[in-house]
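1. no FASTA, just this:
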């Protein structure tokens, strides 16, 4: 019985490790968003207001996905 519980806990840690890969992808997406935002404003400063609005909406979406992944990883470890 203890071996089954231990193996399930090991699988939970492996799954939480896979969640860290998903969080890394969210961080990469956030970096890509901001670099594109900076390049766009650098090329055409008149669109700063519109681009900033969409940038913050995108940032909120990416951050919410990362937080959901973090919650799932914590719940799997518990």
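-> Sure thing, it's come through. Since the structure is predicted, the reported quantities are computational estimates derived from the model, not experimental observations.

2. how about residue 69, what does it touch?
-> 19, 22, 23, 26 (CB atoms under 8 Å, 6 or more residues apart in numbering). Backbone N, C-alpha and C define where each C-beta goes, glycine included.

3. pLDDT score for it?
-> Predicted confidence (pLDDT) at residue 69: the value is 91.

4. Check residue 74 too.
-> pLDDT at residue 74 comes out at 86.

5. Repeat that for residue 4.
-> At residue 4 the predicted local distance difference test score is 57.

6. Just list the residues touching residue 19, thanks.
-> 69, 70, 72, 73, 76.

7. SS state for it?
-> State at residue 19, reduced to three classes by DSSP: H, G, I helix; E, B strand; the rest coil: helix.

8. quick one on the thing from earlier: export the contacts of residue 19 to CSV and append columns for distance to residue 60 and secondary structure.
-> Compiled in CSV, the contacts of residue 19 are given as follows (distance: CB to CB, whole Å; DSSP: H, G, I helix; E, B strand; the rest coil):
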residue, distance to residue 60, secondary structure
69, 15, helix
70, 15, helix
72, 19, helix
73, 20, helix
76, 25, helix
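
9. returning to what we had before: take the contacts of residue 69 and lay them out in CSV including secondary structure.
-> Formatted as CSV, the contacts of residue 69 follow (three-state DSSP):
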residue, secondary structure
19, helix
22, helix
23, helix
26, helix
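
10. filter the contacts of residue 19 to the buried ones?
-> Burial by neighbour count, 16 or more other CB atoms under 10 Å: within the contacts of residue 19 this picks out 69, 70, 73, 76.

11. Out of those, the closest to residue 37 would be?
-> For the buried ones among the contacts of residue 19, the minimum distance to residue 37 (CB to CB) is 23.0 Å, reached by residue 69.

12. count of neighbours near residue 62?
-> Close neighbours of residue 62, defined as other CB atoms under 10 Å, add up to 19.

13. Surely it is in contact with residue 28?
-> No: using CB atoms under 8 Å, residue 62 is not in contact with residue 28, being 9.7 Å away.

14. Show me where this structure dips below the pLDDT cut-off.
-> 1-7 (pLDDT under 70).
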